[in-house]
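> return atomic coordinates for the entry below.
(one chain, ligands or ions: 2)
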Amino acid sequence: MAEPSTADYIFKIVLTGDSGVGKSNLLSRFTRNEFSLESRSTIGVEFSTKEVQVDGKTIKVQIWDTAGQERFMAITKAYYRNALGALVVFDILKAPTFQNLDQWYNEVRANAGIDCCIILVGNKLDQRHIRAVLSEDAKNYADARNIQYIETSALDATNVEQAFRTLIADIYRHWA
Ligand code: GDP
Ligand code: MG
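Ligands and ions are numbered 1, 2, ... in the order given. Here you go, the predicted model:
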């Protein structure tokens with residue numbers, strides 16, 4: 001049976017970005033403090049929830065996760081519907097995942113609506129000695145679209161909480 005919720009607000013957030021960039025691990029790190037080394041492809045759509053406090057209010061965030069590829073337009077629509085925020089994720093070790101950002105960014109903008117808050121996330125910071133994408137280039141990409149950029153590691157937990165909290169605070173300011 002579902003726990004009774006005392007949340008003041010419920011925010012739907014979606015994760016997007018190429019497959020393998022670390023979306024599912026960012027989600028499990030944030031909601032359960034778990035990380036898994038083996039890549040398990042996300043089947044269909046999954047979501048996890050977590051309650052966070054902002055300004056003394058309890059916000060229940062429902063975070064949706066899906067596989068980056070093999071998706072159908074039909075689930076794309078439902079996936080983004082009513083999303084108030086999106087984490088658009090790339091892998092700082094893999095340039096193509098950065099080059100594909102427009103596809104994800106445009107998909108969010110087209111399906112979640114113009115008011116959806118977006119944060120750009122460069123993941124796998126723990127491996128920065130072999131990075132392929134410069135922080136500066138990612139920062140410029142984000143600045144040009146008036147969104148924030150943050151670098152994370154789902155593996156060692158660096159900035160994962162901050163990435164989600166920055167987005168949640170953004171949504172709160174925008175909608176609540
Ligand atoms: P998704 O396809 O975007 O959901 O990516 P996954 O979360 O399944 O991660 C893909 C692979 O990258 C897995 O082998 C993870 O263990 C690995 N991975 C995810 N996040 C990190 C990270 O921050 N650092 C490192 N080194 N590996 C990561
Ligand atoms: Mg996944």
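
> poorly predicted segments of this protein, please.
For the chain, residues meeting the criterion pLDDT under 70 lie at 1-5, 42-43, 68-74.

> all helices of it, in order?
Using DSSP state H, the helices found in the chain span residues 23-32, 73-80, 95-99, 101-112, 135-144, 160-175.

> deepest-packed of the ones you listed, please.
Stretch with highest mean neighbour count among these: helix 23-32 (a mean of 21; mean count of other CB atoms under 10 Å). C-beta coordinates here come from the backbone N, C-alpha and C atoms, glycine included.

> by contact count, what packs against that one?
On a contact count with 3 or more CB pairs under 8 Å, 6 or more residues apart in numbering; DSSP states H and E, helix 23-32 meets strand 9-16, strand 45-54, strand 57-66, strand 85-91, helix 160-175.

> same list (the helices of the chain) but as CSV, adding distance to W64.
Below are the helices of the chain laid out as CSV (distance: least, CB to CB, whole Å):
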stretch, distance to W64
helix 23-32, 9
helix 73-80, 6
helix 95-99, 19
helix 101-112, 11
helix 135-144, 22
helix 160-175, 13
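
> next one: the spatially most central residue of the chain from ligand 1, what distance?
Nearest to the geometric centre of the chain sits L87, at 2.6 Å (CA atoms, centre = their mean). Applying CB to the nearest ligand atom, to the nearest Å, the value for L87 to ligand 1 is 11 Å.
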